[in-house]
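>>> sequence first, then the predicted structure, then my questions.
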Amino acid sequence: MKYHQPYGVSDPNAPYVNGNPSTGTMGSIPPAQSVEYPQREIVNFISDNALAPPDDADLHQLSKGIQSGLVNFGVDTGVVNQMSVVLTPALTTYYRGLRIYILAAVDNTGATLLSASGLPFKPVVRRDGSDLKANDITAGSIQLYVYDGVNFQLFGAGMSGGAGLLTQNLDIFVNWNIGNDANDGTANDAAHAIKTPQRAINLAYIYPPSQYTINIHIADSPNYPGFYTPYWSGPNIKVTGNVANPQNVIVTGQNTHAVQVSGVNTLTCEGFTVATTVNAAGPGGGFVASNGATLFTNNTRSNYVTGAVFEAYQANINIGVHAFNGNCGEMYWAFLNGLIQWTDATTQTIAVPITVGQSAYASSGGAIQVPPSRFTIVNPGFVTGQKYYAQMNGTIGTSGGGINFFPGTVAGSVTTGGQYL
């Protein structure tokens, strides 16, 4: 509807004026359109929102129409990954800022298109511009789609809440040889695989905490740089390399830790080898858990590590099968109430002769606790260095394994409240 100026006035923006007999001023003459068209505009809006027929007995129907939101609502009648809605009134073009609430018909399985009122299909994307992932749209959900001039952005996709909520386990694929960190990680091929584990972690942390797990699959390569989780709470993450041949996947901390999980987060690692560069700072650890985190490992290996292969700092580590293949500062290190423990009846293999500062080190309330069934250390004679060291109320418990349970050529020692049990 356009503005209709007073009757007989050529200026399309001329204002209406009141008549004044005392000054001889003529009042504006309203054209018929200025009365009819606003009424019809309002009546159409009331009708488009499927309210009761316009009625003089209810002078709040315009407000009710705004409350209903039906002119911006559509029911999906499309198929998987191709949504289609009809709006009332029908759209004649897409415009930037268009908002549509849609009741979804089916779950999506990946990249998705949307057509409104029969107009051309447009991509639906996440907040970072990437294609949707499986189950970003779930059947029966009502979600907001906003047109940005090129795509429909699914509001909340990749954010805490809304479409960012995991509804099942999710897989992300990493492949150094063919991957690209600009990809979405949805498949192990050149068009989708990510290049680095850190990019996969960053994508995983788009999602909020959940009972579901994000599985990061890492293809064989000796070239992966180290990775770490943010401090804020995220989903459960499992990083899997080559479980049968963990030596085929090597993650190296470049002047820092190889793997670190921090904050109130849970990380599971299996099927790969950790290492650090010789000048790793910190000193750089292999598998590191800090500040309230929980780390599980199994079927892992370690090459040279500047600091501790397993390092618990105010956090918990549960260790499964592992093979030591290089020198390290410590095999196991617990500090400031950190806890290191093992899966029952697991195996720790010293694959080659190695030198350590200590096999087991606990300090400042940190605890290293061997399970009652203990675990098997294969080739303990391959270890040169101190068996253990406990200080400042650090505790090393062997469940009756004795002073020679941890391997080494130098006797263990305790000081300043440290305990070896």
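Nice, thanks for sending it over.
>>> ok, residues contacting stretch 341-353?
Contacts with stretch 341-353, where a contact means Cβ atoms under 8 Å, 6 or more residues apart in numbering, come from 298, 301, 316-326, 331, 368-373, 375-380, 382-384, 407. Placement of C-beta: from N, CA and C, glycine included.
>>> now the buried members of the residues you listed.
In terms of neighbour count (16 or more other Cβ atoms under 10 Å), the buried residues within the contacts of stretch 341-353 are 298, 301, 316-326, 331, 368-370, 375, 377, 379-380, 382-383, 407.
>>> strands - which of the residues you listed land there?
Judged by DSSP state E, the subset of the buried ones among the contacts of stretch 341-353 located in strands is 298, 301, 316-319, 322-324, 331, 368-369, 377, 383.
>>> which of these sit farthest apart?
Taking Cβ to Cβ as the measure, these span a maximum distance of 24.7 Å, between N316 and V383.
>>> what residues does the residue lying closest to A219 once chain neighbours are set aside make contact with?
Distance criterion Cβ to Cβ, 6 or more residues apart in numbering; nearest residue to A219, sequence neighbours excluded, is N175 at 4.0 Å. The contact partners of N175, by Cβ under 8 Å, 6+ apart, come to 188, 193-195, 218-219, 221.
>>> same deal with S262?
Counting by Cβ under 8 Å, 6+ apart, S262 makes contact with 228-231, 289-293, 315.
>>> closest one of those to G129?
G129 has its nearest neighbour among these in P230, at 21.0 Å by Cβ to Cβ.
>>> how close does the closest one get to K238?
With distances defined as Cβ to Cβ, to the nearest Å, the gap from P230 to K238 amounts to 17 Å.
>>> who has more neighbours out of those two?
K238 (17 against 14; other Cβ atoms under 10 Å).
>>> mind checking how far that one is from E36?
Taking Cβ to Cβ as the measure, K238 and E36 are separated by 67 Å.
>>> and what of K133?
Applying Cβ to Cβ, the value for K133 to E36 is 51 Å.
>>> so for the two, which sits in the more crowded spot?
With other Cβ under 10 Å as the criterion, K133 and E36 differ in neighbour count, and K133 comes out ahead with 27 against 11.
>>> wait, that one touches L170, no?
Yes. Judged on Cβ atoms under 8 Å, K133 makes contact with L170 at a distance of 6.9 Å.
>>> and the end-to-end length of stretch 291-311?
From its first residue to its last, stretch 291-311 covers 12 Å (Cα to Cα, to the nearest Å).
>>> how about W232: what's its closest non-neighbour residue?
G263 (6.2 Å).
>>> neighbours of that neighbour, just the number please.
Residues lying near G263 (other Cβ under 10 Å) number 15.
>>> repeat for T93
The number of residues packed near T93 is 7, by other Cβ under 10 Å.
>>> the spatially closest residue to it that is not a sequence neighbour sits in which helix or strand?
Counting by Cβ to Cβ, 6+ apart, L119 is the residue found nearest to T93 once chain neighbours are left out, at 7.1 Å. Secondary-structure assignment from DSSP states H and E places L119 in no helical or strand segment.
>>> before I go, just wanted to say thanks for your time.
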